[in-house]
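Colleague: When you get a sec, could you give me coordinates for this:
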Amino acid sequence: MKKLSIVLALLLTLLTLFACGEDPQEDKTIAYKPILDEYRSLVLAFRDGQPLDYDAWEALGFVEVSYYEYKEGNLGYALKDINGDGVPELLLLDKEGWGNPGEPSIYVLYTLKDGKPVMLGQYWSRSRGHLAADGTIYTVGSSSAFSTYLDSYQLEAGAGELTHLTEYYTDIDDNEIQFWVKVVDGREVPITEAEFDALVPQYETPASLMNFDFIPIEP
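Modeller: The predicted model follows:
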């Protein structure tokens, strides 16, 4: 009789959850609602030709706002658990992408830490982020015609910041002589131009990209 009572209690609890429409995954993503509401408001104002609120865009993590051009349906987002820890990340996206077919450009990446949104990364035309299928984020940055940076990151389970995995860069010295470097444990290790160039495709176009559903931010 006691066992039957326990089973009935469990069934009642499940029925109550379904009746209320409660979804554990939805509970995790509801924390992103203020970000998405603000994002939607800014995009609609952008669409309607209102002056850009640079401070508000930058507070969301967007860089180079003055260079954006509005195209209907291009701006959106995705919710995706990129490291398999059960916490969905929020990606603010442009459907058009950086030029890689089928790959939306990631502008901002958020995760949840202690139930609250935390900004993990910001990306723009001169610092592009690419999300590989294994959860690695490859970035290609440039600050001048001579300077290129290659970095990779991962989000550890439950973490509120990205772990820096690899770092390479090229630049010119005071005598305007080009050099190429791999950073290992904080030390700069010289590498050849050929070694650096061989790495670039992996960072610009990872062999396998993570799949996620693009959701337009406009209603």
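
Colleague: Count the neighbours of Phe62 for me.
Modeller: Using other Cβ atoms under 10 Å, Phe62 has 20 other residues around it. For every residue, glycine as well, the C-beta is placed using N, CA and C.

Colleague: Checking Leu42 next. Helix, strand or coil?
Modeller: With DSSP: H, G, I helix; E, B strand; the rest coil as the basis, the three-state label of Leu42 is helix.

Colleague: so how far is Tyr203 from it?
Modeller: Leu42 is 30 Å from Tyr203, where distance means Cβ to Cβ, to the nearest Å.

Colleague: Wait, a helix at Ala45?
Modeller: Yes. When classified by three-state DSSP, Ala45 is found to be part of a helix.

Colleague: And the nearest residue to it once chain neighbours are set aside, how far from Leu93?
Modeller: If the residues on either side of it in the chain are set aside, Ala45 comes closest to Asp53, at 7.2 Å by Cβ to Cβ, 6 or more residues apart in numbering. According to Cβ to Cβ, Asp53 and Leu93 sit 20 Å apart.

Colleague: Pull the helix or strand harbouring Leu93 out as CSV, backbone CA atoms only.
Modeller: With elements delineated by DSSP states H and E, Leu93 resides in strand 89-94, which encompasses its position. C-alpha atoms of strand 89-94 as CSV (Å, rounded to 0.1, in the frame of the first residue of the first chain):
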residue,chain,number,x,y,z
GLU,A,89,24.4,28.7,-24.5
LEU,A,90,23.0,31.7,-26.3
LEU,A,91,24.5,32.8,-29.6
LEU,A,92,23.6,36.1,-31.2
LEU,A,93,23.9,35.7,-34.9
ASP,A,94,23.9,37.1,-38.4
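
Colleague: distance between that strand and the chain's centre?
Modeller: Chain-centre distance of strand 89-94: 6 Å, with Cα atoms, centre = their mean, to the nearest Å.
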